[in-house]
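Trainee: Sequence plus predicted model, see below.
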Amino acid sequence: MSTTDDFVIAQLAEANPVPDAVAPGMQEKADAERLLRRVLEDAPASHRHHPRSGILASAVSVLVVLVVAAMVLRTGGSSTTASHGSHPMQITLRAGAPLTHRITQAGISRAMAVLRPRLASLGHGFVVRQASADTIVVSVPKHATAERARIVALLTQPAWLRFYDWEANVLTPNGRTVASQLPTQSPTALSVSQGAGSGAGSSGPGTSSLYDSVTLAAKQPRASASRFLSRSGPEYYMFGTPGSAACAAAGAAHGTAPLPGSHCLLAGPLDTGSVSRSRALAALAGQLPAGVSPSDGKVLVVPQGILVAQAEQPLSRGGVSPWSPAARFFVMRDHVALFGSQIMDPTAGTEESGAPDVTFRFTAAGRAAFQQATRTIAHRGANVSRGGLTLDQHFAVALDNQLVTVPSISFQQYPDGLIGARGADVTGSLTAQSARDLATQLRYGPLPVALQVVS
Amino acid sequence: MERQVDRRGAFEELFAAHYWAVRAYALRRGPEAAAEDVAAETFLVAWRRLDTLGDDPLPWLLGVARRVLANQQRAHRRRGALAARLQSLLPGQTPEWEPPATMSDELAAAMGRLSPQEREALLLVAWEGLEPARAARAAGCSPAAFRARLHRARRHVAAAVAHSPAAPPSSIAGESS
């Protein structure tokens, strides 16, 4: 190679926009792992001659675009969308992000990469495309138009899965954890722990309305930053006074009837990260229903380290909306034992009793965290059980701050917790369809940005 | 079932060994938004052809990624507005070349005047670090054809940069004692 040649190659190498020496970051590694799962999910399917799912759906979408492009040329460019014919319905989504982050092209791209396989679980023919910097349009094929509600749920459910030591995190109205009150056998703590017949984590003892829960949560001290937190920074809510015009407007906006004598949610919850209070309040005001002003509401701020979780309920469409005045909530400390990123291969199925479930395996770190958490839970169960009273403790599974299931860990059967070698399963409040959807959402990871349906 | 497990294991090894190179290849040539899809489609093709891949699959993978990227760019142009579509059909338009911000104007202009095949030959060597024989496999041509492309490309870029004000010395003198 001549000196001049060396110079050309050297100049080009110097201008390399992605040098090999740059090590991938955590997010990129997570993206790679997700992408491998995505490819493997599609690859065996193509081997079995089911050629139109996941990645291949994008090939189908390209074909659709080509057909549309041909139509445009033939008709003089009067139509550029796929909203007619095989795609009679379109759903437009707008991306939002925590106030501390701006919406990036990479975030939108990752969101689309998550949405495509989620939709592919409903069959082929969906087209996902970016319409603007923060807008995604999903064209729904004819065969799926009857399932709009399910599609919207798949498109907008963030799908952040988290596991908690239940008794160590859930609070009673006095602001203390249940675990701290079990040694004295506090009746309230006992009823929250054991569920008093309705099962731990369900809409029974220890639950309250959203307003009462947020009020209790707002009184708790802020926790220091930690890698075990699910949220960094406070969370803002705005409530209207009982019987107010603002509550009537909010009820109309959310399709719920205000409960007489109760406060209603006007805006939030809003995860604000580390932005100033004034900026957070401005963002909260932006969520208010038409005709409602900030002066109509009362702002409550849940500090970092505390979360308000909706009680366990069926995840099917018949469940209680978190916006409903009938929804019940727990106040919890936010110390996550295991994150959704620490599980692998989520698969929908049925357990021995025939109930729908989602099984999964753990990553190495996930397995260690699961072992540690269940060991702690089992040991506490042994310690607080006395006088013939067996007080098995619990492990809570939450999806987007909604409890999915709160199973008990039998300290007699598993005195040192569960080893998790063969993975675990989530069951309890799932229907066959919601189990399939949950498995799909977990398989492709959470949405990197919040998506709201705008039309 | 055992064969399927072996196949999956082999694929995961292939992915672990070459995913970052394929992704970097896509990132260097296209928008960040497209890189993941390019990598996904490339490895999907690799899964189907897993039994036929040789001992050195990277050049083949980069060749697949190149074709996937080209298909994406074509599809993207078709998805664009009619004006953009017409613009791409105008005679004399050079194929898409979006130099990275890290490249000097002179070098970017010189690269822009190359044919896509010549440009790719230079970049496979300079950015992907491939020897010409492996780069030829990635480019989908014979080693002789690749060497000819590479030679032409080097000559054109060197001449163009040599005439620019920012050109470096044409030769490097020995260090003084």
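Mentor: Cool, got the structure.
Trainee: And for residue 161, the neighbour number?
Mentor: Since no chain was named, I'll use chain A. 26 (other Cβ atoms under 10 Å in any protein chain shown). For every residue, glycine as well, the C-beta is placed using N, CA and C.
Trainee: ah, no, chain B please
Mentor: Using other Cβ under 10 Å, residue B:161 is surrounded by 21 other residues.
Trainee: show me where chain B has helices.
Mentor: Using DSSP state H, the helices found in chain B span residues B:2-29, B:32-48, B:58-79, B:82-89, B:105-112, B:116-126, B:132-139, B:143-162.
Trainee: Of all these, which one is nearest residue A:136?
Mentor: Proximity to residue A:136 (Cβ to Cβ) singles out helix B:32-48 among the helices of chain B, at 12.0 Å.
Trainee: Show me what the closest one packs onto, helices and strands only.
Mentor: When contacts are defined as 3 or more Cβ pairs under 8 Å, 6 or more residues apart in numbering or on different chains; DSSP states H and E, helix B:32-48 sits against helix A:26-47, helix A:55-75, helix A:105-120, helix B:2-29, helix B:58-79.
Trainee: Can you flag the weakest of these by average pLDDT?
Mentor: With a mean of 29, helix A:55-75 has the lowest mean pLDDT of the helices and strands packed on helix B:32-48.
Trainee: Quick check: next helix or strand after it?
Mentor: The helix or strand immediately downstream of helix A:55-75 is strand A:89-96, counting by DSSP states H and E.
Trainee: in stretch A:187-198, what's buried?
Mentor: By 16 or more other Cβ atoms under 10 Å in any protein chain shown, the buried positions in stretch A:187-198 come out as A:189, A:190, A:191, A:192, A:193, A:194, A:195.
Trainee: min pLDDT across the residues you listed, which one?
Mentor: residue A:195 (82).
Trainee: Contacts only, for that one.
Mentor: Residues in contact with residue A:195 (Cβ atoms under 8 Å, 6 or more residues apart in numbering or on different chains) are A:201, A:202, A:204, A:205, A:406.
Trainee: Among these, name the ones in strands.
Mentor: Counting by DSSP state E, none of the members of the contacts of residue A:195 fall within strands.
Trainee: Show residues contacting stretch A:221-238.
Mentor: A:100, A:160, A:162, A:210, A:214, A:265-275, A:280-281, A:283-284, A:287-288, A:294, A:297-308, A:333-337.
Trainee: lowest average confidence, helix or strand, in the chain?
Mentor: The chain I'm using is chain A. helix A:55-75 (a mean of 29; mean pLDDT, DSSP states H and E).
Trainee: Chain B is the one I meant
Mentor: Sorting the helices and strands of chain B by mean pLDDT, DSSP H and E puts helix B:82-89 at the bottom, at a mean of 39.
Trainee: quick revisit: mark which of the contacts of stretch A:221-238 are buried, thanks.
Mentor: Buried residues within those, counting neighbours by 16+ other Cβ under 10 Å: A:160, A:162, A:210, A:214, A:265-272, A:280-281, A:283-284, A:287-288, A:297, A:299-308, A:333-337.
Trainee: hang on, the earlier thing: just put the helices of chain B in CSV and tack on distance to residue A:183.
Mentor: Shown next, in CSV, are the helices of chain B (distance: least, Cβ to Cβ, whole Å):
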stretch, distance to residue A:183
helix B:2-29, 48
helix B:32-48, 51
helix B:58-79, 61
helix B:82-89, 71
helix B:105-112, 71
helix B:116-126, 68
helix B:132-139, 68
helix B:143-162, 76
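Trainee: Secondary structure class of residue A:345, three-state.
Mentor: On the three-state scheme (DSSP: H, G, I helix; E, B strand; the rest coil), residue A:345 is labelled strand.
Trainee: So the residue lying closest to it once chain neighbours are set aside: helix, strand or coil?
Mentor: Leaving aside its sequence neighbours, residue A:345 sits nearest to residue A:361 (Cβ to Cβ, 6 or more residues apart in numbering or on different chains; 5.2 Å). Assigned with three-state DSSP, residue A:361 falls in the strand class.
Trainee: What distance do you get for residue A:361 to residue A:347?
Mentor: 9 Å (Cβ to Cβ, to the nearest Å).
Trainee: Low-confidence regions, chain A specifically.
Mentor: A:1-6, A:20-27, A:42-87, A:97-103, A:196-198, A:274, A:314-322, A:428-429 (pLDDT under 70).
Trainee: Straight-line length of stretch B:50-66, end to end?
Mentor: Using Cα to Cα, to the nearest Å, one end of stretch B:50-66 lies 18 Å from the other.
Trainee: Touching that stretch from outside, list them.
Mentor: B:7, B:10-11, B:14, B:18, B:21-22, B:25-26, B:38-39, B:42-43, B:45-46, B:120, B:124, B:128, B:130, B:134-140.
Trainee: contacting residues for the residue at minimal distance from the centre of chain B?
Mentor: The centre of chain B sits closest to residue B:120, judged by Cα atoms, centre = their mean, with a distance of 5.2 Å. Applying Cβ under 8 Å, 6+ apart to residue B:120 gives the contacts B:66, B:139.
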